[in-house]
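Peer 1: no FASTA, just this:
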């Protein structure tokens, strides 16, 4: 089977878009993760608002610590986005070839997106766990990638994998909504445009808007699982004496985290940090999709140019 250039183009543009959006919004992501990882007890909490995390970094002179773990996060973001977009594009192409159609229904789109998400979660979970631990560590005390991954049992690197698999429904919902909205919008524009006109593409603003709408819906629906995942993957607080009394293998489980949130914060605790999550994920996803839409064509032409160059070079080497 030949190399699927279309899938590689989609994966590369998606990964680059993810890398740029992650870097731009990383300080916000760090504040969000530290805020989500804390459980308040009887109203006593270190961070009452998301801004408290930011001001802590400023007041302690550790502003650069807002970027702790950025390298790991970028690596995880690039790899996971590449795997996701490649799998998603590849599965869609196989589906169209099998059923002989150019369009994909909503149900099939959801299933294909979920399958791509499962592949991504299993392959990139250690990087995801490491980046979360580094972000939620005390400012200035985050460990390196290798030390973070090798600390404790190897299985600890896969903390939160169960919830990660559950959360494959998040990008599945997001990209399905985005693709359907995009397809409907472009079809309406094509109907109005002349046949000889240039290809119809989304504007940067429209791609941003569709990305924001699609991600908002997915985030609200899946947020309780998102917060549980952050708490499971969070770095241990050396000052938390209560947590030290409970074995780590118990504290890092879904039942324990759910029980802790329910007992200490009540039902609303499952939605603590929702506004911060929506702000970060909507901006991140919208930027990702906007950048991806703008560089997809360029990436495709570059891949074709590279392939043509390789074929020409190969032909010259074979010639007598």
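Peer 2: It's in. Because the structure is a prediction, the values reported are computed rather than measured. Numbering: from 1, shown residues only.

Peer 1: I'd like to know how many residues surround residue 24.
Peer 2: 14 (other CB atoms under 10 Å). Every C-beta, even on glycine, is put in place using the N, C-alpha and C of the backbone.

Peer 1: For the protein, which residues score under the pLDDT cut-off?
Peer 2: Applying pLDDT under 70 to the chain flags residues 1-7, 40-44, 193-200, 238-245, 297, 299-300, 303-304, 306-320.

Peer 1: now the helices: where do they sit in it?
Peer 2: Secondary structure of the chain by DSSP state H: the helices cover 5-24, 26-37, 50-59, 70-99, 106-136, 145-150, 161-166, 169-192, 204-233, 241-244, 248-251, 254-265, 274-318.

Peer 1: could you check the angle helix 169-192 makes with the first one?
Peer 2: In this case it means helix 5-24. 120 degrees (axes from the mean of the first three to the mean of the last three CA atoms, to 10 degrees).

Peer 1: Could you give the separation of helix 5-24 from the chain centroid?
Peer 2: Its chain's C-alpha centre and that of helix 5-24 lie 12 Å apart, by CA atoms, centre = their mean, to the nearest Å.

Peer 1: Report all helices and strands that it contacts.
Peer 2: helix 70-99, helix 274-318 (3 or more CB pairs under 8 Å, 6 or more residues apart in numbering; DSSP states H and E).

Peer 1: if we can go back for a sec, which one of the helices of the chain is the most hemmed in?
Peer 2: helix 26-37 (a mean of 23; mean count of other CB atoms under 10 Å).

Peer 1: Who are the packing partners of that one?
Peer 2: helix 50-59, helix 70-99, helix 106-136, helix 204-233, helix 274-318.

Peer 1: How much space separates residue 59 from residue 46?
Peer 2: 13 Å (CB to CB, to the nearest Å).

Peer 1: I meant residue 82, not that one.
Peer 2: Taken as CB to CB, the span from residue 82 to residue 46 is 37 Å.

Peer 1: My read is that residue 135 contacts residue 34, right?
Peer 2: Yes. Judged on CB atoms under 8 Å, residue 135 makes contact with residue 34 at a distance of 6.9 Å.

Peer 1: follow-up on the earlier one: could the helices and strands packed on helix 26-37 be laid out in TSV, adding distance to residue 169?
Peer 2: Shown next, in TSV, are those (distance: least, CB to CB, whole Å):
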stretch	distance to residue 169
helix 50-59	25
helix 70-99	14
helix 106-136	7
helix 204-233	6
helix 274-318	14
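
Peer 1: Which one of those lies nearest to residue 23?
Peer 2: helix 70-99 (6.4 Å; CB to CB).

Peer 1: And that closest one, how far out from the chain middle?
Peer 2: 11 Å.

Peer 1: oh, and call the first residue 114 from now on, that's how I've got it
Peer 2: All right, first residue 114 from here; so that's helix 183-212.

Peer 1: Remind me what it packs against, helices and strands.
Peer 2: Using 3+ CB pairs under 8 Å, 6+ apart: helix 183-212 touches helix 118-137, helix 139-150, helix 219-249, helix 258-263.

Peer 1: Please work out which residues outside the last one touch it.
Peer 2: Contacts of helix 258-263 from elsewhere in the structure, counted by CB atoms under 8 Å, 6 or more residues apart in numbering, are 184-185, 188, 239, 242-243, 246-247, 255, 270.

Peer 1: Stretch 361-376 now?
Peer 2: Counting by CB under 8 Å, 6+ apart, 152, 265, 269, 272-273, 275-276, 340-341, 344-345, 349, 356, 359, 382-383 sit against stretch 361-376.

Peer 1: Check stretch 167-187 too.
Peer 2: So stretch 167-187 is in contact with 132, 135-136, 139-140, 142-144, 160, 240, 243-244, 246-248, 250, 252-253, 255, 258, 261, going by CB under 8 Å, 6+ apart.

Peer 1: tell me the contacts of residue 147?
Peer 2: So residue 147 contacts 160, 166, 248-249 (CB under 8 Å, 6+ apart).

Peer 1: With respect to residue 295, which of the contacts of helix 258-263 is nearest?
Peer 2: When those are compared against residue 295 (criterion: CB to CB), the nearest one is residue 188, at 28.7 Å.

Peer 1: dump the residue contacts of the closest one.
Peer 2: Contacts of residue 188 by CB under 8 Å, 6+ apart are 240, 258.

Peer 1: Roughly how far does the residue most central in space within the chain sit from residue 158?
Peer 2: Closest residue to the average C-alpha location of the chain: residue 190 at 6.4 Å, with CA atoms, centre = their mean. Distance of residue 190 to residue 158, computed by CB to CB: 29 Å.

Peer 1: now swap in residue 188 and tell me
Peer 2: Distance from residue 188 to residue 158, by CB to CB: 32 Å.
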